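Novice: Following is a predicted model, sequence given first.
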Amino acid sequence: MKVVLEHLTKRFPNRNKKIHTEVVAVSDFNVEIPDGQLVGLLGPSGCGKSTALNLICGLETPTEGKIYFDADDVTELPPEKRGVGMVFQNYALYPHLTVRKNIMFPLQNFKGEDKLTKEQMNERVMEAAKLVQIEELMDRKPSEMSGGQQQRVAIARALVKMPRLLLLDEPLSNLDARLRLQTREEIRRIQKETHITTVFVTHDQEEAMSISDFIIVMKDGVLHQMGKPQDVYDRPANLFVAKFLGTPPINVFAGEVKKGDVYIGADCIYRGTKLEDREVWVGIRPEGFILKKDGALTCDLKAVEVMGRDTSIVCENEALTGQPTVRAIIPAETPLETKGGKVRFDIKPAKLYLFDKQTEEVLEGIR
Ligand SMILES: Nc1ncnc2c1ncn2[C@@H]1O[C@H](COP(=O)(O)OP(=O)(O)OP(=O)(O)O)[C@@H](O)[C@H]1O
Ligand SMILES: [Mg+2]
């Protein structure tokens, strides 16, 4: 099932009664979530991710706009009629119930012709438990399980209803690094097996990039870009998206275009854009540096960190903004040529971006 959001907006009154401005948690969202795909909803804390999910599942009503599931307008439909499975950040399992009863719980609310027999319920519960591989734990209580196991129970409980749509709100945030990795791969596997359209909320860009078919990047309630993870990484729409994706992050310099050539300080790092003379933000991905004796950009060397597969060169440049040091990632086998504490780099055009100084939108004209 595809999900279409049309001009979706949610405004909250400010909790501080003295301030009369409203909080716009979701602002004029227009997006189509394609059928059977896993979409990662990504953005910093407080940007409106949970609100967007709550609108889709019906726990919140929009201030403006419409929500469609395929061709059906569900904007006014109560949550229990939407056929959505939701996994909350804190699992929200019932502590006094066993795993089996926790998973079965949503099925007991089925009424009328949807009502299931005891056997049917048991069958559905076991199917869901198998999918998340917790069949052996069915008689335990939540307190007798690890965080990762509880997480799987929460996912099974969302799946048991056979939802048309699965919404996961930061489902891995309480897990340790290894379990996080394992569970996210499992979520990916389950999604592939069931083909349920899924929205996965996270503020971890690496997590979103690694498991999503599409990512949506948002900030302050506004959708900044949607696309395949690699496309968004390679072709960010603006400086915010460029900075949000990638570790180590993109290096941003204050630069200038003069007679079509791009300068950082006195160094000309790229020739032949079609741009007018102007000031710009110059973004260079860490993997966009080529170490070279007579390279275009000169920096002051601070440290070399060997990381096995790659080497990270940490250096300084006066024009750098937003972070203390430039970070360049080069292959470990590159011979390190430095002179008098200076390093020089050529820049790979595919890893170079120019942004408007005011609007911070990406500027076409390179490549
Ligand atoms: N019920 C509410 N009343 C008033 N303001 C709210 C309400 N719920 C959320 N907000 C505000 O709306 C904005 C978006 O909140 P939301 O919980 O959707 O963010 P989020 O992206 O999920 O953040 P996090 O990553 O921290 O979970 C925030 O500024 C928040 O304070
Ligand atoms: Mg949230």
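Specialist: It's in. Numbers count the residues shown, from 1 in each chain. Ligands and ions are numbered 1, 2, ... in the order given.

Novice: low-scoring stretches of the stretch 101-250 of the chain, by residue?
Specialist: Applying pLDDT under 70 to the stretch 101-250 of the chain flags no residue at all.

Novice: what residues does it put near ligand 1?
Specialist: Within the stretch 101-250 of the chain, the positions lying close to ligand 1 (CB under 6 Å from any ligand atom) are His203. All C-beta spots, glycine's among them, are computed from the backbone N, C-alpha and C.

Novice: and the residue of the stretch 101-250 of the chain nearest ligand 1?
Specialist: Per CB to the nearest ligand atom, His203 is where the stretch 101-250 of the chain lies closest to ligand 1, at 5.0 Å.

Novice: ditto for the stretch 51-200 of the chain
Specialist: For the stretch 51-200 of the chain, CB to the nearest ligand atom, closest residue to ligand 1: Thr51, 3.3 Å.

Novice: Could you report the neighbour count for that residue?
Specialist: By other CB atoms under 10 Å, 21 other residues sit near Thr51.

Novice: average pLDDT across the helix or strand containing it?
Specialist: Assigned by DSSP states H and E, Thr51 belongs to helix 49-57. Here helix 49-57 scores 96 as its mean pLDDT.

Novice: Which strands and helices lie in contact with that helix?
Specialist: strand 3-13, strand 22-33, strand 38-42, strand 84-87, strand 165-169, strand 197-202 (3 or more CB pairs under 8 Å, 6 or more residues apart in numbering; DSSP states H and E).

Novice: Serialize these to JSON lines and add fields for mean neighbour count and distance to Pro349.
Specialist: What follows is these, written out as JSON lines (neighbours: other CB atoms under 10 Å; distance: least, CB to CB, whole Å):
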{"stretch": "strand 3-13", "mean neighbour count": "18", "distance to Pro349": "36"}
{"stretch": "strand 22-33", "mean neighbour count": "18", "distance to Pro349": "31"}
{"stretch": "strand 38-42", "mean neighbour count": "26", "distance to Pro349": "27"}
{"stretch": "strand 84-87", "mean neighbour count": "24", "distance to Pro349": "43"}
{"stretch": "strand 165-169", "mean neighbour count": "23", "distance to Pro349": "38"}
{"stretch": "strand 197-202", "mean neighbour count": "25", "distance to Pro349": "31"}
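
Novice: what would the ones you listed look like in a markdown table with distance to Pro106?
Specialist: Listed next are these as a markdown table, based on distance: least, CB to CB, whole Å:
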| stretch | distance to Pro106 |
| --- | --- |
| strand 3-13 | 20 |
| strand 22-33 | 22 |
| strand 38-42 | 22 |
| strand 84-87 | 8 |
| strand 165-169 | 13 |
| strand 197-202 | 17 |
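
Novice: Out of those strands, which gets nearest to Ile284?
Specialist: The closest of these to Ile284 is strand 38-42. By CB to CB, the value is 22.3 Å.

Novice: so does that closest one get close to ligand 1?
Specialist: No. Figure legend: strand 38-42 not in contact with ligand 1 (CB under 6 Å from any ligand atom); closest approach 8.6 Å.

Novice: angle of the helix holding Thr51 against strand 38-42?
Specialist: 140 degrees (axes from the mean of the first three to the mean of the last three CA atoms, to 10 degrees).

Novice: what about helix 49-57, distance to the chain center?
Specialist: In terms of CA atoms, centre = their mean, to the nearest Å, the centre of helix 49-57 is set 15 Å apart from its chain centre.

Novice: which residues are contacting it?
Specialist: 3, 5, 8, 10, 25-26, 29, 41-43, 60-62, 67, 79, 82, 84, 86, 89, 165, 167, 169, 199, 201, 203, 218, 221 (CB atoms under 8 Å, 6 or more residues apart in numbering).

Novice: circling back to that earlier point, identify whichever of the helices and strands packed on helix 49-57 lies nearest to Phe355.
Specialist: Nearest to Phe355, of the helices and strands packed on helix 49-57 and by CB to CB, is strand 38-42 at 19.6 Å.

Novice: buried stuff in stretch 243-252?
Specialist: Lys243, Phe244, Leu245, Gly246, Pro248, Pro249, Ile250, Asn251, Val252 (16 or more other CB atoms under 10 Å).

Novice: Check stretch 88-101 too.
Specialist: Phe88, Tyr91, Leu93, Thr98, Val99, Arg100.

Novice: just stretch 113-128 next, same as before
Specialist: For stretch 113-128, by 16+ other CB under 10 Å, it's Met121, Arg124, Val125, Met126, Ala128.

Novice: just stretch 181-189 next, same as before
Specialist: Buried residues in stretch 181-189 (16+ other CB under 10 Å): Thr183, Arg184, Glu186, Ile187, Arg188.

Novice: Stretch 306-316 now?
Specialist: Asp310, Thr311, Ile313, Val314, Cys315.

Novice: which residues does the closest residue in space to the first one that isn't next to it in sequence contact?
Specialist: Excluding the flanking residues, the one nearest Asp310 by CB to CB, 6 or more residues apart in numbering is Ile329, at 5.0 Å. Taking CB under 8 Å, 6+ apart as the definition of contact, the neighbours of Ile329 are Pro248, Pro286, Glu287, Phe289, Asp310, Thr311, Ser312, Ile313.

Novice: Leu55: neighbour count?
Specialist: Count around Leu55 with other CB under 10 Å applied: 24.

Novice: one step back: now, the buried residues of stretch 306-316 that are in strands?
Specialist: Residues of the buried residues of stretch 306-316 located in strands (DSSP state E): Asp310, Thr311, Ile313, Val314, Cys315.

Novice: if we can go back for a sec, could you dump the buried residues of stretch 181-189 into a markdown table and include distance to Gln225 and secondary structure?
Specialist: Formatted as a markdown table, those follow (distance: CB to CB, whole Å; DSSP: H, G, I helix; E, B strand; the rest coil):
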| residue | distance to Gln225 | secondary structure |
| --- | --- | --- |
| Thr183 | 27 | helix |
| Arg184 | 22 | helix |
| Glu186 | 28 | helix |
| Ile187 | 23 | helix |
| Arg188 | 22 | helix |
